[in-house]
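J.: fold the following and give me the result.
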Amino acid sequence: MRSVSIDKLIEDLGLEVIHKPDNPVSEISRNELNRLGLQLAGFFKYFGYKRIQIIGNAEWHFLQGMEKDIRARRLDSIFQYPIPAVIITRNLEVFDEIIAAAEKYDRSILRTDMLTTKFTNRLVNYLDEALAPFITMHGVLVEVYGMGILITGESGVGKSETALELVKRGHRLVADDAVQIKKVGEDLLVGESPEVIRHFLEIRGLGILDIERLYGIGAVKKWEAIDLVVRLEDWDPQKEYDRLGLDDEYIDILGKKVVKLTIPVRPGRNVAMILEVATRNTRQKQFGYNAAVELDNRLKKEYEMKKQGGNK
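T.: A predicted model of the protein is given here:
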């Protein structure tokens, strides 16, 4: 299970530290939040204490209306649980009882000046990405006509050369050799390059190329959603390749099925152009038009007409 440290959360979201233990042991491993409402009223049966706790305007005014000793007891009861952090929104004043409980149980208290709704939306989006399931795949990721194409295949089959040709044709490089893929939300796969090799491309016999320097900032992109997987393989004359495209093939990546094409490679084939056409064709299918199905329907219709004519 992936997790985010308190320090990284503070840095990435620009949070103010009210109190933080010298060595906070809590790691954030859940993308859900909990607004301290029922717990302030003394109800703990379904307390999601493993989540980040939020104190917004309503919770703050509820606390303000309590007598001081009751407020201290309620907060002490909350902070006994191993909560990862409490975040106070709208730059609201931090009650002394909150700080006292945090110091007693070594809990982190953070603050932001953002409105509660806007901050919770931002925090959930941040945690969705930071805690997303993650794998690294060998291949090349490019953006072609606004779609993310993951090119896979054995070493030396021509993945990087194809990517370079696509860049020359006006498309963008996302990652070469190692593609880090996250599943964000329920069905979005996002690929990017490791920071250390970002925007670099390896061409055998030529070496390492800096695509951003050679072709400009418009030739590269930091990340892209993966819409299509294309596997390149050396042409095998004994193998029967799909010539119609009636049946789609899929690959499973982090539990999501992605359309997969297998493209045989041999001298004289313009693989970059084929990938451009494959991208356009995939987009058409997404909008409900399948050329293979259309041709199949026409042939069936023609056959039925000839059959009826022959019966007369």
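
J.: that's a helix at Val179, yeah?
T.: No: counting by DSSP: H, G, I helix; E, B strand; the rest coil, one finds Val179 to be strand, located in no helix.

J.: longest helix in the protein, by number of residues?
T.: If you go by DSSP state H, the chain has its longest helix at helix 291-311.

J.: quick one: buried residues of stretch 303-312?
T.: Within stretch 303-312, no residue counts as buried by 16 or more other Cβ atoms under 10 Å. Bear in mind the C-beta positions are built from the backbone N, C-alpha and C, glycine included.

J.: do stretch 231-241 as well
T.: Arg231, Leu232.

J.: and it, how far apart are its ends?
T.: Start-to-end span of stretch 231-241 (Cα to Cα, to the nearest Å) is 13 Å.

J.: one more: stretch 186-198?
T.: By Cα to Cα, the extent of stretch 186-198 from end to end equals 27 Å.

J.: contacts made by it with the rest, please.
T.: By Cβ atoms under 8 Å, 6 or more residues apart in numbering, the surrounding residues in contact with stretch 186-198 are 129, 132, 136, 141, 148, 150, 174-184, 199, 220, 222-226, 253-254, 256, 258.

J.: ok, back up a step: show residues contacting the longest helix of the chain.
T.: Leu244, Gly245, Leu246, Asn281, Gln284.

J.: pull out the buried members of these.
T.: Buried, going by 16+ other Cβ under 10 Å: Gly245, Asn281, out of these.

J.: among the contacts of helix 291-311, which one lies nearest to Ile87?
T.: If you rank the contacts of helix 291-311 by distance to Ile87 using Cβ to Cβ, Gln284 comes first, at 46.3 Å.

J.: please point out which parts of the strand or helix carrying the closest one sit buried.
T.: Under the criterion of DSSP states H and E, Gln284 resides in helix 271-286. Across helix 271-286, burial judged by 16+ other Cβ under 10 Å covers Val271, Ala272, Ile274, Leu275, Glu276, Ala278, Thr279, Asn281, Thr282.

J.: also stretch 54-74?
T.: Buried residues in stretch 54-74 (16+ other Cβ under 10 Å): Ile54, Ile55, Gly56, Glu59, Trp60, Phe62, Leu63, Met66, Arg71, Ala72, Arg74.

J.: returning to that earlier point: reformat the contacts of helix 291-311 as a markdown table; add distance to Arg35 and pLDDT.
T.: Shown next, in a markdown table, are the contacts of helix 291-311 (distance: Cβ to Cβ, whole Å; pLDDT from 0 to 100):
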| residue | distance to Arg35 | pLDDT |
| --- | --- | --- |
| Leu244 | 55 | 72 |
| Gly245 | 51 | 71 |
| Leu246 | 52 | 72 |
| Asn281 | 48 | 91 |
| Gln284 | 46 | 90 |
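
J.: list the contacts of Ser29.
T.: With Cβ under 8 Å, 6+ apart, Ser29 has these contacts: Met1, Arg2, Ser3, Val4, Lys50, Leu131.

J.: likewise Arg90?
T.: Gly56, Asn57, Trp60, Thr112, Asp113, Met114, Leu115, Thr116.

J.: recalculate using a threshold of 7 Å.
T.: By Cβ atoms under 7 Å, 6 or more residues apart in numbering, the residues touching Arg90 are Gly56, Asn57, Asp113, Leu115, Thr116.

J.: check Val94 too.
T.: Ile18, Ile88, Ile109, Arg111.

J.: same thing with Lys50?
T.: Contacts of Lys50 (Cβ under 7 Å, 6+ apart): Arg30.

J.: and it, how far from Glu27?
T.: 10 Å (Cβ to Cβ, to the nearest Å).

J.: again with Pro194
T.: For Pro194 relative to Glu27 (Cβ to Cβ), the value is 22 Å.

J.: ok so, going back, between the longest helix of the chain and helix 271-286, how big is the angle?
T.: 70 degrees (axes from the mean of the first three to the mean of the last three Cα atoms, to 10 degrees).
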